[in-house]
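[1] sequence plus predicted model, see below.
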Amino acid sequence: MARAPRSLAGEVVAITGGGRGIGRATAAALLAAGARVAIGDIEPGLAARTAAELGSGALGLELDVTDSASFAGFLDAVESELGPLDVIVNNAGIMPVGPFEAESEATARRLVDINVHGVILGSKLALARFLPRGRGRIVNIASVAGKGGFPGGATYCATKHAVAGLSETLRVEYGARGIGVTTICPTVVHTELGSGLPRARGMRYAEPEDVAAAIVDALRIGRSEVYVPREMGVLMRLGQVLPRRVVDFCMRITRADQVLSAPDRAARAAYEARMAAEEEAGVGKEPEPVG
């Protein structure tokens, strides 16, 4: 018998990278479902502006997901302002693309710090709050790129493989203790992060609102793995059982191998410039230890 959807009214949800794109759309969808939502974002002022635009029930706070003190302070403020945390959505992530051999060490480290360590840190800090209560849910934004390999995004794909593996392990490890874990695997989403990426033949891309709706549905039903669009799950699972040469052939004829390797650089210029500026400024970089 199918489980009855549970209400999200009054639940406290914290979203990282919530100032724009998927995070913002998720905040809006959760507010519409009656939740109280905290938006965290590293860009100064963006979280507060987004919260103000979304209206009552939203709280905007600055957050660096690679910094333990920043993340802990964010969740402390969420619970102080909104109440005990029920759900964390580890959404913050970056996606610089290009040939692997041309990727700088700084870019690779930043990808891992934000996309992987940020999710690990957020999950640990949330668990510290969830476990004494015997309830809570972690939602981690992975990607279809975390279930396959796409030229032009080797380190990005590696980080999303890590998120998928982490999420599945946490689901098994903490399920019996009342903690739910959901992995969200979208295809390319029409956001700034996904700008300028060519479309593979036969592949639907998603809107931020599609991902947000899938997250809300997963929270209501308790789903552990969700693909957006849904048919991507069938395709990715099929790719796991087909011979490798067949998968490679399908990648070539659908041009899926060009999604990250042949972007429209002009269309991605604004995003790449912001990423470069943040990298130069050390935004999202784990601080050096003292002493």
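    That came through fine. Numbering: from 1, shown residues only.

[2] which other helices and strands contact the lowest-mean-pLDDT helix or strand in the chain?
    Taking all helices and strands of the chain together, the one with the lowest average confidence (mean pLDDT, DSSP states H and E) is helix 231-241, at a mean of 84. Helices and strands touching helix 231-241, as assessed by 3 or more C-beta pairs under 8 Å, 6 or more residues apart in numbering; DSSP states H and E, comprise strand 179-186, strand 225-228. Glycine gets a C-beta too; all of them are placed from N, C-alpha and C.

[3] list the buried residues in whichever helix or strand comes after that helix.
    Toward the C-terminal end, the helix or strand that comes next after helix 231-241 (DSSP states H and E) is helix 244-254. Applying a neighbour-count criterion of 16 or more other C-beta atoms under 10 Å, the buried positions in helix 244-254 are 247, 250-251, 254.

[4] now, which of these sits nearest L63?
    Each of those was checked against L63 using C-beta to C-beta; the closest is M251, at 36.3 Å.

[5] got a list of what the closest one touches?
    D257 (C-beta atoms under 8 Å, 6 or more residues apart in numbering).

[6] how much space separates the closest residue to E81 other than its chain neighbours from R49?
    Ranked by C-beta to C-beta, 6 or more residues apart in numbering and with sequence neighbours excluded, the top spatial neighbour of E81 is L59, at 5.4 Å. Counting by C-beta to C-beta, to the nearest Å, the separation of L59 from R49 is 12 Å.

[7] now swap in V172 and tell me
    V172 sits 39 Å away from R49 when distances are taken as C-beta to C-beta.

[8] not counting its neighbours along the chain, what's nearest G222?
    In space, G222 comes closest to G180 once its chain neighbours are excluded; the distance is 5.8 Å by C-beta to C-beta, 6+ apart.

[9] likewise for L121?
    Using C-beta to C-beta, 6+ apart and skipping residues adjacent in sequence, the residue nearest L121 is F71, 5.4 Å away.

[10] let me know the secondary structure of that neighbour.
    Secondary structure, DSSP: H, G, I helix; E, B strand; the rest coil: F71 is helix.
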